[in-house]
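**Q** Structure of the sequence below:
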Amino acid sequence: MDFLYEGNCWRFGENVGIDGDMMPLEFALTRELDPAVLGPHFMTGLDPDFPSKVARGDIIVAGRRFAQGNPHIQGLIGAAAHGVGLVVESIPRGSFRNAVNAGVPILPSCPGVTEMAETGDRLRVDFRTGLFQNLTRGTEARFEPLPDSLLETIALGGWKPAIARRIARMRAEGALP
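**A** Have a look, this model is predicted:
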């Protein structure tokens, strides 16, 4: 996986909710996990046309408590379905884990980032190093990147491929039948 994203900025404010804002609650209640089903509903609580406007490599920039509420994974699977990265001022722990588990590149602690970009700005973000560049404004900032172990899980596509790889490695070493 290439952790260098270049795309359009989609800026959202604070307290974006998992249920309702990022994904209709019905998908959590029915335990839907198929990215092809969830993708067309991603962020439609805030912008009904969002799935048709966002492109792979685009970056969502959001304020504090992004993905707040019950830590359902469906909204983050929707993000993965679109191939977007997340740069947020803060995210609750359960939703942070779900972003990693869904295989979504994220910079989870970026104070003041919503003041550094507007929707439509062209951004370049290196999720491996934490370099955030606003190409439209000609500005940049550095944020703390994730540790390599979490980047590896994201690079593999989330928790399922990471577990499968670990089981295969353990079988090859004779630790499992």
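
**Q** Contact partners for the residue lying closest to residue 13 once chain neighbours are set aside?
**A** Closest residue to residue 13 apart from its sequence neighbours, by CB to CB, 6 or more residues apart in numbering: residue 63 at 5.0 Å. The C-beta positions use only the backbone N, C-alpha and C, and glycine is treated the same way. Residue 63 sits next to 12, 13, 14, 15, 16, 88, 89, 114 when contact means CB atoms under 8 Å, 6 or more residues apart in numbering.

**Q** Residue 83: neighbouring residues, count only.
**A** When neighbours are defined as other CB atoms under 10 Å, residue 83 has 17 of them.

**Q** which residues touch it?
**A** Applying CB under 8 Å, 6+ apart to residue 83 gives the contacts 56, 57.

**Q** List the contacts of the longest strand along the chain.
**A** Looking across the chain with DSSP state E, the single longest strand is strand 4-12. With CB under 8 Å, 6+ apart as the test, strand 4-12 has contacts from 43, 46, 50, 54-63, 66, 84-85, 105, 114, 117-128, 134-135.

**Q** what does the model give the residue positioned nearest the centre of the chain for pLDDT?
**A** Most central in the chain under CA atoms, centre = their mean is residue 104, positioned 3.8 Å from the mean C-alpha point. For residue 104, the pLDDT comes out at 98.
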